[in-house]
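Colleague: Need coordinates for the following:
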Amino acid sequence: MNPNKNSNKSFQFAIITIVCFGVFIVFQVLAARDDISEETYTYASSFFVSLVFVAAIASFVSSIKGLKEPISVKKIIGLSVNALLILLLIAVIVANVMDF
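Modeller: Residues are numbered from 1 along each chain as shown. Have a look, this model is predicted:
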């Protein structure tokens, strides 16, 4: 049994989240240059942003579960990336609530 099971899962989710966020940025650039239609941009960006939020939450939960596991590079990277993404998620939610 792998002693860093939750830390490894957290690291994998962090990588997935970063890749999806990168794809979202690519779609934004393409939409700004009018290389794709607005409808395609809306659907694709909605999908990838939703995937980022779900993966960030799942990753953060795995990070918290893995706090008692031995320290490793993957654990540190996963925990720091996930904490940053959760803080950004909270900031986005607070900004949207304040707009109402």
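Colleague: If you count neighbours, what's buried in stretch 70-87?
Modeller: 74-75, 78-79, 81-82, 85-86 (16 or more other CB atoms under 10 Å). Bear in mind the C-beta positions are built from the backbone N, C-alpha and C, glycine included.
Colleague: One more: stretch 34-45?
Modeller: For stretch 34-45, by 16+ other CB under 10 Å, it's 41, 44-45.
Colleague: mind checking pLDDT for the residue nearest in space to the middle of the chain?
Modeller: Nearest to the geometric centre of the chain sits residue 17, at 3.4 Å (CA atoms, centre = their mean). Residue-level confidence at residue 17 comes out at 86, pLDDT.
Colleague: Flag the shaky bits of this protein, pLDDT-wise.
Modeller: 1-2 (pLDDT under 70).
Colleague: Helices of that one, start to end?
Modeller: 5-32, 38-65, 73-99 (DSSP state H).
Colleague: quick revisit: if we ignore the residues flanking it in sequence, what's nearest the residue nearest to the centre of the chain?
Modeller: residue 55 (4.4 Å; CB to CB, 6 or more residues apart in numbering).
Colleague: what's near enough to touch the one you found?
Modeller: By CB atoms under 8 Å, 6 or more residues apart in numbering, the contact list for residue 55 reads 13, 16-17, 20.
Colleague: One more: residue 59?
Modeller: With CB under 8 Å, 6+ apart, residue 59 has these contacts: 9-10, 13-14, 16-17, 78, 81-82, 85.
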